[in-house]
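Chemist: Dropping a prediction and its sequence here:
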Amino acid sequence: MKIIETDVAIIGAGGAGLRAAISVAESDPQLKVALISKVYPMRSHTVAAEGGAAGVIKDEDSFENHFHDTVAGGDWLSDQDAVELFIHEAPRELTLMEHWGCPWSRKPDGRVAVRPFGGMKIERTWYAADKTGFHLLHTLFQTSLKFPSIKRYDEYFSTDIVVVDGKCCGFTAIEMRSGEVTYFKAKSVIIATGGAGRVFPFTTNGAIKTGDGMAMAYRAGVALKDMEFVQYHPTGLPGTGILITEGSRGEGGLLVNKDGYRYLQDYNLGPPDPWPRKKAMELGPRDRLSQAFWHEQQKGRTIKTADGDVVHLDLRHLGEAKIDERLPMVRELAKSYVGVDPVYDPIPVRPVIHYTMGGIDTNIDAATNIPGLYAAGECSCVSINGANRLGSNSLTELLVFGARAGSGAAEFAKARQGAINESAAKQEAEKTEKRLAALFAKEKATESIPGLRKEMNDTMESGAGIYRTEDSLQATCTKMSEIRKRSANIGLQDKSKVFNTDMAEALELDAMIDVACAMANSALQRKESRGSHQRLDFEARDDKKYLKHSLAHYSPDGNPKVDYRDVTITSSQPAERVYGGAQE
Amino acid sequence: MSRDTVQLEILRYDPEKDSEPYFSTYEVPFNDDWVVLDAINYVKENLDRTLTYRWSCHMAVCGSCGMVINGEPVLSCHTFMRDYGDKIRIEPLQNFPVERDLVVVIDDFVEKLGSVKPYIVPKVEKTVDEGEYIQSPAQLAVFKQYTACINCLLCYSACPQVGLNPGFVGPAALALAHRYNLDSRDVGRAAREDVVASNPGIWECSFVGACSEVCPKSVDPAAAIQQTKIASTVDYFTDFLTPWRKQ
Ligand SMILES: Cc1cc2nc3c(=O)[nH]c(=O)nc-3n(C[C@H](O)[C@H](O)[C@H](O)COP(=O)(O)OP(=O)(O)OC[C@H]3O[C@@H](n4cnc5c(N)ncnc54)[C@H](O)[C@@H]3O)c2cc1C
Ligand code: SF4
């Protein structure tokens, strides 16, 4: 087995991974950084983010406002010490991105412009037209090229964390070009592998968002935290699930049902006028908007299409000039993928799986319970997002906690005492090789990868979607543990060593099954409704029992044990979440 | 004629077992809403697990799924089945070695991208506490178009110079260098010039504009190259006529 030795190794070269790598390189240029990614960095899904990144910048805004919006938006499940740190670091990180060349949109005076976003009281979302994630990712990638200590391993597919004597000693990865298993021997490791939207059938998430890193940490003994909280975005294109950014509502877009009626006013988000107005109507939080769609559908007030029911997002009143300046990508996407030019016609949209609030359990320093192992970005749960992430907080989160994971991992690598027991570590790493060899050698596969993946997708949607019940969740948990068992019978039809995507899909499915089991079981056991987790059989929030993070602990049979940890509260006691007229 | 199915002819090559590339033909359902990538995914899910290609975002922004379809370099997630006839021929991007099937080796491009120093070299170092650099919307507009490149490499596939002259930095990397040169926050042009002006290929670029024609993001790398040439020529004559300025 090939061994690559480094000081800090980072799995994932999206926004979080790249920011972490730069942070290590800046903190000590002597430290060797290995940056591993299953795709070239600029293909990472951060590239798809459109709307923007939140950070207080306006004089009339304040840290308290951003703190309160985030905590209330998260239905009081966020750890408030983490949120405090986050909101203070946010404008600094966004300014740093400006220094590194990010083409932020500007005001006439040359200062950075901000736009309103859902659930935010005052405009604080920095944006680069409607391609913010794209620009952040490319800016970070290009800036990372400045640092000779960062060595990239592009198209390496990571599979297992190597733990010896309770400490992280690196991980294994398969070089896609050769099929060779490599052991990355590292003093500290950061997982930055992004979200897991592909567990569901209809998602804004790219094909690569399969929760690999979550599953790696989980199997290595780190709990997955708050996995029942999965965000639906209210405005995806039917069929493809392509996202129409919340920025379009920030600019004044309207949501109407089949009668042309702004239905959100029926769900405690009105009154509709004056418009636009913050934290009301179309600028309410995502969980509420997606849930309102569900109710409209029950009432038969949505519009039927071949790709499922939709409502209309109307931008026409903004006019061509504003749409082209602020929302060029929205126009282009709508024209290409649903044949609608938003200048002349409303865009059909429906809720779509978008973001995993839960993830690898870390503390405020991005460290896990395994010494030497860190996590940042969407794969992690710090947690600032609680039960419902506010749009535009996560791009900022990548930067703030990516940087923090980087400096933490750098310190750990420097302070680490004693050499890694290489023979023990190699033995661990060889398990990956054996697992892979067995997968390649299997002759009689009775399960197909696409078939099992579809069964997983279907049961997650039917049982663990926008609204959930005991029965639906129980059925999904049972189905998922059956799928876990049946996955042992997967085999490969492609036996080549070179760029074997049949193998990659098998490994991704394996990871998704673990993640799905954690989601479904955590959801089954949370008998309340909070943020994105809505139960028809327990409609109220229950702070007595569930003002707590869930922690799912890995079990090979797909039935994780779930226990709980108190939420950290500093200054904001749980209260009712109010949007629309009620807040004013 | 109503179409039920379409034939995909896809170039196949696995270096482990094939001495030569060849075409495989697959019959897939015709679907009015499908992009060509959907049809390829259909093959992978239902007909042939060994078919190998890159893709991720399915929204024309990650730049992974560039292919040559009926002779044209395009993004397969942004090219609709309905715009083709009953046969669609799919090949890997040109001017790159084939790694397997539709996957090409792009190491050389990634290397070149780094060689143009694609990062801000600031005029004055500012600390974060001093806030952002001021940049007017007009100053942003000067380079904005050149920031839109998704590194999809369609322009490398289309460019005759890239084919003839392997040392050529190529359209996207030159557009990126130009992007930083034009940024009001940057003073790195001299450092980039070493790579750009001395590069074999840039002076041979005949401005046929194939790169700009195939670019899915309207980056217009041909314009960037043209402007770079003019600027470099001016530099050359300024250095020649006023050598003291170099110091
Ligand atoms: C369409 C869309 C729009 C969005 N818009 C916004 C927005 O406007 N504002 C906002 O704040 N947030 C937005 N988000 C959310 C935000 O973009 C994501 O949460 C964030 O970009 C995730 O970044 P990341 O660095 O954690 O992961 P990613 O960018 O997904 O990167 C993951 C990295 O891990 C690597 N990786 C994964 N598995 C492996 C493996 N097994 N081996 C090796 N490498 C691996 C991948 O190659 C990749 O490099 C949006 C999300 C989507 C999907
Ligand atoms: S310049 Fe255009 S064609 Fe070339 S890589 Fe960039 S986006 Fe693709």
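Modeler: Alright, I've got the coordinates. Ligands and ions are numbered 1, 2, ... in the order given.
Chemist: can you tell me which helix or strand the residue in chain B positioned nearest to ligand 1 belongs to?
Modeler: In chain B, the residue that lies nearest ligand 1 is B:M59 (7.4 Å; C-beta to the nearest ligand atom). Yep, even glycine has a C-beta here, placed from its N, CA and C like the rest. Under the criterion DSSP states H and E, no helix or strand holds B:M59.
Chemist: could you list every residue that touches the residue lying closest to it once chain neighbours are set aside?
Modeler: In space, and not counting its chain neighbours, B:M59 is closest to A:I242: 4.9 Å by C-beta to C-beta, 6 or more residues apart in numbering or on different chains. A:I242 makes contact with A:204, A:236, A:333, A:337, B:58-59, according to C-beta atoms under 8 Å, 6 or more residues apart in numbering or on different chains.
Chemist: averaged over its residues, what pLDDT does the helix or strand hosting A:D69 have?
Modeler: If you go by DSSP H and E, A:D69 is part of helix A:63-73. The average of the pLDDT scores along helix A:63-73 is 97.
Chemist: How about the contacts made by A:F141?
Modeler: Contacts of A:F141 by C-beta under 8 Å, 6+ apart are A:13, A:18, A:41-42.
Chemist: So which of those belong to helices?
Modeler: Under the assignment DSSP state H, the contacts of A:F141 contribute A:L18 to helices.
Chemist: Just flag the most distant two among the contacts of A:F141.
Modeler: By the measure C-beta to C-beta, A:L18 and A:M42 form the most distant pair in the contacts of A:F141, at 9.8 Å.
Chemist: Now list whatever residues contact both of those two.
Modeler: Common neighbours of A:L18 and A:M42 are listed as A:137, A:141 (criterion: C-beta under 8 Å, 6+ apart).
Chemist: Looking at these two, which is more packed in?
Modeler: Remark: of A:L18 and A:M42, A:L18 carries more neighbours, 35 against 27, as counted by other C-beta atoms under 10 Å in any protein chain shown.
Chemist: I'd like to know how far the more buried one sits from ligand 2.
Modeler: Taking C-beta to the nearest ligand atom, to the nearest Å as the measure, A:L18 falls 19 Å from ligand 2.
Chemist: repeat for A:R177
Modeler: Noted for A:R177: a distance of 22 Å to ligand 2, by C-beta to the nearest ligand atom.
Chemist: helix or strand for that residue, which one?
Modeler: Short version, using DSSP H and E: A:R177 is in no helix or strand.
Chemist: How about the contacts made by it?
Modeler: With C-beta under 8 Å, 6+ apart, A:R177 has these contacts: A:155, A:498-499, B:99.
Chemist: which stretches of the chain aren't confidently modelled?
Modeler: No chain in the question, so chain A it is. A:583-584 (pLDDT under 70).
Chemist: Chain B, not that one
Modeler: B:1-2, B:234-247.
Chemist: Quick check: residues of chain B near ligand 2?
Modeler: Residues of chain B lying close to ligand 2 by C-beta under 6 Å from any ligand atom are B:149-155, B:171-172, B:175, B:214-215, B:217, B:219, B:221.
Chemist: Among those, which ones are in helices?
Modeler: Going by DSSP H, the helices hold B:154-155, B:171-172, B:175, B:214, B:221 from the residues of chain B next to ligand 2.
Chemist: Could you list the domains of chain B?
Modeler: What automatic domain parsing lists as the domains of chain B is B:5-104, B:107-246.
Chemist: Neighbours of the residue nearest to B:T147 when sequence neighbours are not counted, how many?
Modeler: In this structure, B:T147 finds its nearest non-sequential neighbour in A:P103, 5.0 Å apart by C-beta to C-beta, 6+ apart. Look at A:P103: counted by other C-beta under 10 Å, it has 22 neighbours.
Chemist: so who does A:P103 touch?
Modeler: Contacts of A:P103 (C-beta under 8 Å, 6+ apart): A:128, A:135, B:140, B:143-144, B:147.
Chemist: can you put these in CSV and add secondary structure and neighbour count?
Modeler: As requested, the contacts of A:P103 are arranged in CSV below (DSSP: H, G, I helix; E, B strand; the rest coil; neighbours: other C-beta atoms under 10 Å in any protein chain shown):
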residue, secondary structure, neighbour count
A:A128, coil, 25
A:H135, helix, 22
B:L140, helix, 18
B:F143, helix, 20
B:K144, helix, 17
B:T147, helix, 25
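Chemist: What is the neighbour count of the closest residue to A:V222 other than its chain neighbours?
Modeler: Excluding the flanking residues, the one nearest A:V222 by C-beta to C-beta, 6+ apart is A:T368, at 4.6 Å. Residues near A:T368, counting by other C-beta under 10 Å, number 23.
Chemist: doesn't A:M214 make contact with A:T368?
Modeler: No - when contacts are counted by C-beta atoms under 8 Å, A:T368 is not listed as touching A:M214 (11.5 Å).
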